[in-house]
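Enquirer: Fold the following and give me the result.
(chains A and B)
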There are 2 protein chains.
Amino acid sequence: MAPRARMTPPGNAGPARRGRPGHSLDSLLGVAVAVFNERGYDATTMEDLATRLGVTKSAIYHHVPGKGELLRLALDRALDALFAVTREPGATGGPAIERLEHVVRGSVRVLTRELPFVTLLLRVRGNSPVEQEALARRREFDRLVTGLVRAAEEQGDVRPDVDPAVTSRLLFGAVNSLTEWYRPEGGLDATAVADALVATMFDGLRGVARPRRG
Amino acid sequence: MAPRARMTPPGNAGPARRGRPGHSLDSLLGVAVAVFNERGYDATTMEDLATRLGVTKSAIYHHVPGKGELLRLALDRALDALFAVTREPGATGGPAIERLEHVVRGSVRVLTRELPFVTLLLRVRGNSPVEQEALARRREFDRLVTGLVRAAEEQGDVRPDVDPAVTSRLLFGAVNSLTEWYRPEGGLDATAVADALVATMFDGLRGVARPRRG
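Expert: Coordinates of the predicted model:
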């Protein structure tokens, strides 16, 4: 896969200046993702993007053949970051329960860093081949997580009374909810969120070794 | 609040018959919510609804003054069901941890029963006064859940190292994820989902009283 430069956060793209493109592909992508999340991808036109960027449509066509390519780049950015976590040493060696915890913590980190990109990813419904490919990669990620839960259960580190597929969905339901409520400016950092999530879901709200009431 | 008749599930609305309305407000609402979820509320026109229902627009105007009223009825149905859970005896008496579990189990039941309505609710972004009122009611529900987590923590039944607001968001992140993956025809009933969720989040993936590895 070709390396891609890190994108400038949308907030740093500077004020829109009509007639003076001055946008890299990365800053273009940041603005496009913000507009897609606000208006919905299907409802966004190249004209909308040009207006928001303060450039002509041809300035955008200089970078990409159309909005579908912007969508593909944005979804790949989110998915590549999530899959990169699954290839880290912490996710590939050691007991499955620790690999699972590594993937959960890494996913929280990706969500907080790439919030608009993952938000867009989670809204994809499969309305085009680009979206269908993203959904297929999401399913592959889900299978990988389910496999870790199953292996941890086989190794005796996860309670045997939960279904691995349901559990991995609930776990990533909690992780993915960050796109609904996490705001980087809120003062809560990614590590604190990951700690809370792991504390709650791995050891339980009640806390380890606390007998059940009654 | 005026009583409303239970709505016929969309699947029971029968085939669309052009020129023969035959739709109650409830069957109209079921179809409208399905279309809103497919196309997005903002992108749906009364013409779209009439086409799907196989009726004229005036047959819809016979029931409601516009699509905003359909949205309000749909969001109220989801919200009324969720708030009804919080007024049940299991949610209002007893230790906070048990009230919290009751609200979580009841919410899972509401989500599985009213899946399209809650799906619509969770997509609302506040683009109109109707949507803003729904968001305000969602925030009220969140505060109620956060209060239960805080009270359970004060009563010594929830570990003291988690933030009640973050915890309640993660908990309902997992609950709300049902709108993404739960399918009633999948053979998994609401009780099994609630059991898995409570087992995982209240007692932890590792299971009660299991010492941490290491």
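Enquirer: Double-check residue A:95 against residue A:156; I have them as touching.
Expert: No. Taking contacts as Cβ atoms under 8 Å, residue A:95 lies outside contact range of residue A:156: 9.6 Å. C-betas here are computed from N, CA, C, even on glycine.
Enquirer: Could you count how many residues lie near residue A:64?
Expert: Residue A:64: 18 surrounding residues under other Cβ atoms under 10 Å in any protein chain shown.
Enquirer: If we ignore the residues flanking it in sequence, what's nearest residue A:170?
Expert: Leaving aside its sequence neighbours, residue A:170 sits nearest to residue B:174 (Cβ to Cβ, 6 or more residues apart in numbering or on different chains; 4.4 Å).
Enquirer: Go ahead and measure how far the one helix or strand the one you found maps to is from the middle of the chain.
Expert: Per DSSP states H and E: residue B:174 is located in helix B:164-176. In terms of Cα atoms, centre = their mean, to the nearest Å, the centre of helix B:164-176 is set 14 Å apart from its chain centre.
Enquirer: show me where chain A has strands.
Expert: Here chain A has no strands by DSSP state E.
Enquirer: what about stretch A:77-86, near chain B?
Expert: No. Using Cβ under 8 Å from any Cβ of the partner chain, stretch A:77-86 stays clear of chain B, with a minimum separation of 15.8 Å.
Enquirer: So what's the gap between that stretch and the chain middle?
Expert: 8 Å.
Enquirer: can you check stretch A:138-147 too?
Expert: 14 Å.
Enquirer: For it, list every residue counted as buried.
Expert: A:138, A:141, A:144, A:145, A:146 (16 or more other Cβ atoms under 10 Å in any protein chain shown).
Enquirer: contacts for the helix holding residue B:174?
Expert: A:170-171, A:173-178, A:180-181, A:188, A:192-193, A:196-197, A:200-201, A:205, B:104, B:107-108, B:111, B:118, B:122, B:142, B:145-150, B:153, B:158, B:197, B:200-201 (Cβ atoms under 8 Å, 6 or more residues apart in numbering or on different chains).
Enquirer: residues contacting the residue lying closest to residue A:116 once chain neighbours are set aside?
Expert: For residue A:116, ignoring the flanking residues on the chain, the nearest one in space by Cβ to Cβ, 6+ apart is residue A:33 at 4.8 Å. Shown in contact with residue A:33 (Cβ under 8 Å, 6+ apart): A:10, A:70, A:74, A:116, A:117, A:120.
Enquirer: Can you report how many residues lie near the third one?
Expert: Counted with other Cβ under 10 Å, the neighbours of residue A:74 add up to 27.
Enquirer: what about residue A:206, distance to chain B?
Expert: In this view, residue A:206 and chain B are 6 Å apart by Cβ to the nearest Cβ, to the nearest Å.
Enquirer: Please find the angle between the direction vectors of the lengthiest helix in chain A and helix A:164-176.
Expert: Scanning chain A for the longest helix, with DSSP state H as the assignment, gives helix A:129-154. For helix A:129-154 against helix A:164-176, the angle by axes from the mean of the first three to the mean of the last three Cα atoms, to 10 degrees is 120 degrees.
Enquirer: Now find how far off-centre helix A:129-154 is within its chain.
Expert: Distance, centroid of helix A:129-154 to centroid of chain: 13 Å (Cα atoms, centre = their mean).
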